[in-house]
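In: Below are the sequence and a predicted model; questions follow.
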Amino acid sequence: MQDKPRIAVPHIAVIGAGAWGIALACAASRSGARVTLWSRSPVPEGNRILPRLPGVVLPEGVSVTSSLPVQADLTLVAVPMQTLREMAPKLRGTSPLVACCKGLERDTGKLPLDILGEFHPDRPLAVLSGPNFAIEVAQGAPAAATIAATSLDQARSHVGLLSSPSFRLYASDDPTGVQIAGAAKNVIAIGAGIAMGAGYGENARAALITRAIVEIGRLSDALGGRAATIAGLSGVGDLILTCTGVGSRNYSLGYALGGGAKLADILAARNTVAEGVATAPALAESARRLAISMPITETVAAFLAGSLDLDEAHRQILHRPTTTE
Ligand SMILES: NC(=O)c1ccc[n+]([C@@H]2O[C@H](COP(=O)([O-])OP(=O)(O)OC[C@H]3O[C@@H](n4cnc5c(N)ncnc54)[C@H](O)[C@@H]3O)[C@@H](O)[C@H]2O)c1
Ligand SMILES: O=P(O)(O)OC[C@H](O)CO
């Protein structure tokens, strides 16, 4: 009798044991992969519950390590955006790297794949982004996201490895559009939160989200991204989630600001990341450099910097000359 062909179980590394890293480890395990989750703080042997998502028990197929590098078939990088440059050189190996963080580097305006590319010019790079609250993905509730790489075949191969019935992935060859959308939605979510916290109402929020889609599209277009990407999961999909879901850290930060809280006090009371705070000035600077009009982004950045108060921010948005749609 002939031996059955042996199908190797893929090995997926997840770098970062924050909420999103834990959720991705759970999702990758559900896809049938063996998973190694890298945590910066050592995790005692046998601990299956990690601090960032306390209600979630890691599946059997996930092991946790605090050593690097982790050799795997695919590496998902889920550290906060402002720590990516520090992490990138430590990710030695040959596996494709998938950036799962959302934002721009504060000091350079660089996108996640620009940073990974500086340290890994010969490695395949991709980005994963979409409307995904970590807790729901960790629990296996239905969700969808996009994986984008310059090669559609490469993106499809990552989709094949990571997809499961509860985590539906779509392949894209527009990593620029996906990264811009994922970065910008956090800034807009802060704006939506400010509008709601200040009591401007649902009409204001809907208008803000819709006009944000236009301004994000302008920047993405200038950088070579596609309009269809901004209309997709990483764009409109994530704007809907993050600008309306009270579970969003960016939205809730904005909401508190709109209600009169001070940014420093909100940040001091949190130990989770709200990427829009550091991304807002970088995004506004990128828009200025490219002469792209992004009035909502500019206003959120100025409000966060303390150079506009709520009334001035309101005026800056609503007293602009009328235009066409
Ligand atoms: N939480 C979500 O629902 C979600 C969903 C999709 C994407 N993301 C993105 O994933 C990224 C990570 O967010 P998160 O929610 O997992 O973060 P988090 O707020 O849960 O925690 C951040 C984690 O990063 C770790 N960390 C801090 N400094 C570090 C460093 N220098 N090197 C390595 N690790 C460091 C912390 O120990 C902590 O575990 C962000 O870019 C975020 O936008 C988050
Ligand atoms: O909680 P937030 O605002 O960081 O949003 C989390 C995810 O990015 C939503 O897709």
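Out: Good, I have the coordinates. This one's a predicted model, so the numbers in the text were calculated from it and none came from an experiment. Numbering: from 1, shown residues only. Ligands and ions are numbered 1, 2, ... in the order given.

In: For the rest of this, base every contact and every neighbour count on C-alpha atoms.
Out: Fine.

In: Contact partners for Ile147?
Out: Ala126, Val127, Leu128, Ser129, Ala155, His158, Val159, Leu169, Tyr170, Ala171, Ser172 (CA atoms under 8 Å, 6 or more residues apart in numbering).

In: what sits opposite the first one in the beta ladder?
Out: For Ala126, the residues forming beta bridges with it (DSSP bridges) are Val98.

In: That one and Ala99 touch, don't they?
Out: Yes. In this structure, Ala126 sits in contact with Ala99. The criterion is CA atoms under 8 Å, and the distance is 6.2 Å.

In: Show me the helices in the stretch 201-325 of the chain, by range?
Out: If you assign secondary structure with DSSP state H, counting those that start in this stretch, the helices in the stretch 201-325 of the chain sit at 202-222, 227-230, 238-244, 249-258, 263-268, 276-289, 295-305, 310-318.

In: and the next element down the chain from whichever strand or helix holds Ala13?
Out: Taking DSSP states H and E as the definition, Ala13 sits inside strand 11-15. Secondary structure here is assigned by DSSP H and E; on that basis, the next helix or strand after strand 11-15 toward the C-terminus is helix 19-30.

In: And the contacts of that following helix?
Out: Counting by CA under 8 Å, 6+ apart, helix 19-30 makes contact with 12, 14-16, 34-37, 50, 52-53, 58-59, 61-62, 77-79, 134-135, 137-140, 162-164, 167, all of which sit outside it.

In: Do that helix and ligand 1 come into contact?
Out: Yes. Looking at helix 19-30 against ligand 1 by CA under 6 Å from any ligand atom, the contacts come from Ala19, Trp20, Gly21.

In: Quick check: closest non-adjacent residue to the first one.
Out: With CA to CA, 6 or more residues apart in numbering as the measure, Arg52 is the residue that lies nearest to Ala19, at 5.1 Å, once sequence neighbours are left out.

In: follow-up on the earlier one: can you check which of the helices of the stretch 201-325 of the chain gets nearest to Gly182?
Out: If you check each of the helices of the stretch 201-325 of the chain against Gly182 by CA to CA, helix 238-244 wins as the nearest, at 7.4 Å.

In: Say whether ligand 1 is contacted by the strand holding Ala13.
Out: No. Looking at strand 11-15 against ligand 1 by CA under 6 Å from any ligand atom, there are no contacts, and the closest approach is 8.0 Å.

In: Run me through the strand neighbours of that strand, direction for each.
Out: Strand 11-15 pairs in its sheet with strand 34-38 (parallel), strand 74-77 (parallel), by DSSP bridges.

In: Need the residues that contact the helix or strand just after the shortest one.
Out: Reading on from strand 74-77 to the C-terminus, the next helix or strand found by DSSP H and E is helix 84-87. Applying CA under 8 Å, 6+ apart, the external contacts of helix 84-87 come out as Pro112, Ile115, Leu116.

In: ok, for the second one, nearest residue in space, not its chain neighbours?
Out: If the residues on either side of it in the chain are set aside, Ile115 comes closest to Arg85, at 6.3 Å by CA to CA, 6+ apart.

In: now do Gly93
Out: With CA to CA, 6+ apart as the measure, Gln71 is the residue that lies nearest to Gly93, at 6.4 Å, once sequence neighbours are left out.

In: I figured the residue nearest to Ala19 was touching Gly16, is that so?
Out: No. The pair Arg52 and Gly16 fails to qualify as a contact (CA under 8 Å) at a distance of 10.7 Å.

In: Looking at the two, which one has more neighbours?
Out: A direct count of neighbours by other CA atoms under 10 Å for Arg52 and Gly16 places Gly16 higher, at 23 against 18.

In: Quick one: residues contacting the more buried one.
Out: For Gly16, the set of contacting residues under the criterion of CA under 8 Å, 6+ apart consists of Ile22, Leu37, Trp38, Ser39, Arg40, Val77, Ala78, Val79.

In: The closest residue to Thr299 other than its chain neighbours: how many residues sit nearby?
Out: Distance criterion CA to CA, 6+ apart; nearest residue to Thr299, sequence neighbours excluded, is Ala313 at 6.0 Å. Neighbour count for Ala313, taken as other CA under 10 Å: 17.

In: same thing with Gly247?
Out: Number of residues near Gly247 (other CA under 10 Å) recorded here: 14.
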